[in-house]
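Visitor: Got a predicted structure plus its sequence, pasted below:
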Amino acid sequence: MSSLVKAEQGTSVAVPQDESQYLTFILGGEMFAIGILNIKEIIEYGHLTEVPMMPAFIRGVINLRGRVVPVIDLRSRFGKPSTEVTKRTCIVIIEVQVAGGAEDEGTTQDIGVVVDSVSEVLEIATQDIEPPPAFGAHIRTDFIQGMGKVNGQFVIILSVENVLSVEEMAALGQGMDVATA
Amino acid sequence: MGMEEALQTFFVESHELLQEMEDRLLAIQGLVVDEDRIEAINAIFRAAHTIKGSAGLFGLDGIVEFTHVLESVLDKVRSSQLVMDADMISLFLKCKDHVSLLVGLEESGGVLQGSDQATGQALVAQLSAYLQAPQTNTVHEEKTHPAITYPHLDPLALESAGGGVVDNDNWHISIEFGPDVLRNGMDPLSIFRYLGTMGTIVQVGTFFDRLPGLSEMDPETCYMSYLINFSSEADKTTIESAFEFVQEDCKINILPPHSRIADFVSVIKGLPQHDLRIGEMLVQCGTLTERELAAVLAYQAAQESGQNSTEAGTKQPLGEMVVQAGFVQPAVVEAALQKQSQQKKTKARQQQSIRVDAEKLDMLINLIGELVIAGAGVNIVAQRSGRADMLEAASTLSRLVEEVRDGALNLRMVQIGETFNRFQRVVHDVAKDLGKEIELLISGGDTELDKTVVEKIGDPLTHLVRNSIDHGIETADIRAARGKPAQGKVHLNAYHDSGSIVIEVQDDGGGLNRDKILAKALEKGLVESVHEMSDSDVFQLIFEAGFSTADTVSNISGRGVGMDVVRRNIEALRGNIEIQSKYTVGTTIRIRLPLTLAIIDGFLVRVGQSHYVIPLDMVIECVDLPEENLNSSKGSNYFSLRGEVLPYMRLRDTFEIDGESGRRESVVIVKYGNTRAGLVVDTLLGEFQTVIKPLGKLFERIKGIGGSTILGTGEVALILDIPNLVQQVVRKDHHESSRLQVRH
């Protein structure tokens, strides 16, 4: 592991060796990928309850077999207009580590992510993953874990912990007062 | 029960005993009646004794060593050789803390720190000082005392009854022959010979103190008294039989050997759990004979009737009497008494409680939560099917589910009294530190609330109580100048009020100085102008971080950290906190908390396509929105409810829900504390019991939504947090009106 880190020093890429499978999906015409180990399931879009006074990228909550799971609109999270719901729209349930405060140790939370459509599960070798470009991807650099090369095309591999950072999203939700949301 | 389990029980019991010890120690100063004091001292002693004994069983030497010293001092207090004063109480409290620490360390497997070890040694040194102090006067008094109350005694018997003389492993028999023994044909010598057949007479002391001068002496009268040191394996009844023919007119005391005491104690401990009287218990273990018991009982009865006529004194306990009469050693009676109280206790406890793992309980409540949701689903299906029998079955089911839910929630409810009682100690310590005289009054201790809430309320409450003592209660001279009694009062109170529990911390101290707070707030830039701020707004300022008006910082409070933490803790429990105060008169801090964190009764409403749940205890009534207010969201947001002004908000606007409201709109009128408000919704859907599902970290900062719940349809509905919601709207209104003023 130490040799791996050394080899990739100077980049923000730190892909564990075992994480070589990725789920690819389409969002606003672009292809993205998420490491498969974080993904719990993919469900049909529907029965969403909106939560008022929250930023637009928080679509609402759903009932996932008795648990209430928040749903994030990734397009809004990237600062783009939110996605139209179609027949192929899905919710990908992703498990996210929540860094705990002083009292409780880190726990996990399930978060749903709305995507236009899911494509397939791909294997991307570590050497086929490039560091993220400084600009040009139209989304925040820290959201990108790396650029995967698939059939000569680039796929944006998302950094789940940054994109779905509960702390950051909760902080954005703060200050959303009545009727100013 | 395995060793590990037994050890766990020991830890739990030790903590309980220590708690009792502390409570008693704190209460003891206020006890005026001697009997209560004695009872309290005995309870304290028993606690120390039991902990020592149990710790010995588990080989926890550190605890045994320390509690032994503590027990010795307590023993002296118990036997009135030492008088328990305030210093001693403080010392005992510290000792109690140390024992707690020791037990805690054993529990967690920790190691005693150097500093704690030093504390322990210091405490032992202080305790030992009490042990060495000679207080012979009281000892003497105690010894002569029984001679007055019990005429049957002679000095001889007394010596052995005191317990100090009996120091070897032999029976001690003291016999004072009656004057007519010889005339009745009895020869004391033959009795001794008969005794000799049962064991060995080690030593005989002969006493002639009754022998008159030679001229007055009657050779036919027996003047002799003997103290016999007798070694035998026989039991007391057998030995007593040797004196069968002379016991009528002789005074006989047979005291068992010391080594037997342990046997007796263990026999007593091993007695079956029956309701035994103390006399019966002593007879069963063989330390008291039937004859002795009968004699003592008769004497007790005689004494009682005698007392009734003279109307003096109270009934003397049997245990005390048999000791005084020299029939039994005190240690044996003590053991029997303990056994007796233990029997009473186990009886009481069996009725009171069983211990259940909190996790099991939580699991059960979670399951019941699911059951409630499933039950709601069944109801919906039943209604849709329209079958009468199905509907009936479903309604029976939901009624039962409701009962089960209430029962399960009740399991989690605990009384707040125990938490309150802890503050006796806090008040005692802090008041002593500050040199103030403070009385803590407690009421409403039987108010029940959720265990989780109770656990989390301790810290904020401690802070508030400390604050009251430090900043609230004035020093004695200021109090005197203000015409208040020197002793300050802090009052803890709890009660239920419209679905929440209210906890009050009240003091009769100096109160909050509005001007001082405002001046400080201006200085810190927390407020811009001092105009038009209500008292409660001003007082809320003290909850701001870093706010303190204390001129001096003490080690107890005054640093300005804390009150903001208190407010945060309370808000995390979905509660709120308000202050009422009058300068120089006193302060009341009122904490309002939800009763439970798991399930609530809700009132379901719909706005557009969204469902919302309003906590039912806050709903007062529902009315139709008056005609003139319909579709007038731009106009004034209040209407007249039977002559009273009722402000209302449109949930559709507040939550920015798309779509137009229907032809009819309803108003749900809610109340919390003293505030009333109306919520305008599209449709009322009625009562609904809901399991609160936390929304999670992502939504933790959201104001106005308290949680979520899952409806029978599977849809998620949001639970409104009325106090916060109303506050938000009030704040926004305030904001807008002040903006308007600027524009003009």
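Guide: That came through fine.

Visitor: Distance of B:Asn410 relative to chain A?
Guide: Taking C-beta to the nearest C-beta, to the nearest Å as the measure, B:Asn410 and chain A are separated by 24 Å. The way it works is simple: take the backbone N, C-alpha and C, and place the C-beta from them, glycine included.

Visitor: Same check on B:Arg78?
Guide: For B:Arg78, the distance to chain A (C-beta to the nearest C-beta) stands at 44 Å.

Visitor: Which strands or helices does the helix ranked longest in chain B pack on?
Guide: When every helix of chain B is counted residue by residue (DSSP state H), the longest turns out to be helix B:358-385. Here helix B:358-385 touches helix B:388-412, strand B:599-607, strand B:683-691, going by 3 or more C-beta pairs under 8 Å, 6 or more residues apart in numbering or on different chains; DSSP states H and E.

Visitor: so who does the one residue in chain B that gets nearest to chain A touch?
Guide: Among the residues of chain B, B:Phe655 lies closest to chain A, at 3.5 Å counting by C-beta to the nearest C-beta. With contact set as C-beta atoms under 8 Å, 6 or more residues apart in numbering or on different chains, B:Phe655 has these partners: A:Pro52, A:Met53, B:Val607, B:Ser610.

Visitor: farthest pair in those residues?
Guide: Comparing all pairs in the contacts of B:Phe655 by C-beta to C-beta, the longest separation belongs to A:Met53 and B:Val607, at 13.9 Å.

Visitor: Low-confidence regions, the stretch 301-450 of chain B specifically.
Guide: Applying pLDDT under 70 to the predicted model, the residue ranges of the stretch 301-450 of chain B that meet it are B:301-329, B:331-332, B:339-340, B:342-352.

Visitor: in the stretch 551-700 of chain B, which spans are strands?
Guide: Residue ranges of the strands in the stretch 551-700 of chain B, as given by DSSP state E, counting those that start in this stretch, are B:576-582, B:586-594, B:599-607, B:610-615, B:619-624, B:638-641, B:644-650, B:666-672, B:675-681, B:683-691.

Visitor: likewise chain A?
Guide: Ranges of strands in chain A, per DSSP state E, are A:21-27, A:30-35, A:39-44, A:58-64, A:67-73, A:90-98, A:107-115, A:117-123, A:129-130, A:144-150, A:153-158.

Visitor: Can you add distance to chain B and mean neighbour count and give these back as a markdown table?
Guide: As requested, the strands of chain A are arranged in a markdown table below (distance: least, C-beta to the nearest C-beta, whole Å; neighbours: other C-beta atoms under 10 Å in any protein chain shown):
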| stretch | distance to chain B | mean neighbour count |
| --- | --- | --- |
| strand A:21-27 | 20 | 19 |
| strand A:30-35 | 18 | 21 |
| strand A:39-44 | 13 | 14 |
| strand A:58-64 | 5 | 23 |
| strand A:67-73 | 4 | 21 |
| strand A:90-98 | 6 | 19 |
| strand A:107-115 | 6 | 20 |
| strand A:117-123 | 23 | 13 |
| strand A:129-130 | 29 | 18 |
| strand A:144-150 | 21 | 21 |
| strand A:153-158 | 18 | 20 |
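
Visitor: Tabulate those strands in CSV, adding columns for distance to B:Ala358 and mean pLDDT.
Guide: Putting these into CSV (distance: least, C-beta to C-beta, whole Å; pLDDT from 0 to 100) gives the following:
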stretch, distance to B:Ala358, mean pLDDT
strand A:21-27, 40, 90
strand A:30-35, 37, 89
strand A:39-44, 29, 90
strand A:58-64, 27, 87
strand A:67-73, 22, 88
strand A:90-98, 24, 88
strand A:107-115, 19, 87
strand A:117-123, 42, 89
strand A:129-130, 47, 86
strand A:144-150, 41, 87
strand A:153-158, 40, 88
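
Visitor: Can you tell me which of those is nearest to B:Leu105?
Guide: For the strands of chain A, distance to B:Leu105 was read as C-beta to C-beta. The smallest value, 30.0 Å, belongs to strand A:107-115.

Visitor: what pairs with the nearest residue to A:Thr49 once chain neighbours are set aside across the strands?
Guide: Counting by C-beta to C-beta, 6 or more residues apart in numbering or on different chains, B:Val716 is the residue found nearest to A:Thr49 once chain neighbours are left out, at 4.1 Å. With DSSP bridges applied, B:Val716 shows beta-bridge pairing to B:Ile710.

Visitor: hmm, back to that, please tabulate the strands of the stretch 551-700 of chain B in CSV and include mean pLDDT, mean neighbour count and distance to B:Ile373 as additional columns.
Guide: Supplementary listing: the strands of the stretch 551-700 of chain B in CSV, determined by pLDDT from 0 to 100; neighbours: other C-beta atoms under 10 Å in any protein chain shown; distance: least, C-beta to C-beta, whole Å:
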stretch, mean pLDDT, mean neighbour count, distance to B:Ile373
strand B:576-582, 85, 18, 29
strand B:586-594, 86, 22, 20
strand B:599-607, 84, 21, 10
strand B:610-615, 89, 23, 13
strand B:619-624, 88, 15, 21
strand B:638-641, 80, 15, 35
strand B:644-650, 85, 17, 29
strand B:666-672, 86, 20, 23
strand B:675-681, 86, 22, 23
strand B:683-691, 81, 17, 6
